[in-house]
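Engineer: A structural model of the following input is requested.
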Amino acid sequence: MKPVLWLAAFSMGLAVLFPLAQAARDAATIPAAIPQMELVVLEVDGCIYCNVFRKRHLANYKASRQGKKIPIRFVNINDPAIGNLGLSQPVGIVPTFVVLQNNEEIGRIPGLVGHREFYAAIDHITKGLPGF
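Structural biologist: As a prediction, this is how the structure comes out:
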């Protein structure tokens with residue numbers, strides 16, 4: 001094969017292989033999917049401790065490192081939509097704080113606990129997850 005033809009054939013071979021190699025490099029550098037996280041506060045109307053959480057801790061949670069990564073939502077335990085939450089077990093006490101990942105329970109904090117214990121529990125539940 002003449003040198004010019006060999007070079008053309010070699011270049012064409014690279015042109016075919018390069019997109020495949022580039023696609024493999026791109027796939028290797030795509031970050032893992034960030035899970036959809038949510039903190040659901042299960043409460044009931046008239047719950048004193050639910051109101052205490054809202055008044056004393058809610059603003060702090062929203063401003064915290066955890067609150068910026070895990071949005072919070074309140075759900076009344078008597079709401080029929082509770083069946084769509086992906087809870088792993090029934091709720092025995094209010095408030096109960098449930099951490100959901102892609103609508104599947106990965107941990108919960110039953111009852112109102114102290115400020116430090118609350119954040120330590122959230123950190124324990126999310127330890128090892130992407131972005132935490």
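Engineer: Contacts only, for Y61.
Structural biologist: L39, G67, I72 (C-beta atoms under 8 Å, 6 or more residues apart in numbering). For glycine as for every other residue, the C-beta is placed from the backbone atoms N, C-alpha and C.
Engineer: And the pLDDT for it?
Structural biologist: Here, the pLDDT recorded for Y61 equals 98.
Engineer: What separation is there between it and R54?
Structural biologist: Between Y61 and R54 the distance, using C-beta to C-beta, to the nearest Å, works out to 10 Å.
Engineer: Keep only those of the contacts of Y61 that are in helices.
Structural biologist: With DSSP state H as the criterion, helices contain G67 from among the contacts of Y61.
Engineer: which one of the contacts of Y61 is nearest G131?
Structural biologist: Nearest to G131, judged by C-beta to C-beta, of the contacts of Y61 is G67 at 13.8 Å.
Engineer: all helices in this structure, in order from the N-terminus.
Structural biologist: Ranges of helices in the chain, per DSSP H, are 3-29, 48-52, 58-63, 65-69, 115-126.
Engineer: I would like the residues contacting the fourth one, please.
Structural biologist: Right, helix 65-69. With C-beta under 8 Å, 6+ apart as the criterion, helix 65-69 contacts M37, N60, Y61, K62, Y119, I122, D123, T126, G131, F132.
Engineer: Who are the contact partners of the closest residue to D45 other than its chain neighbours?
Structural biologist: Closest residue to D45 apart from its sequence neighbours, by C-beta to C-beta, 6 or more residues apart in numbering: N76 at 6.7 Å. Residues in contact with N76 (C-beta under 8 Å, 6+ apart) are L42, E43, V44, D45, I82.
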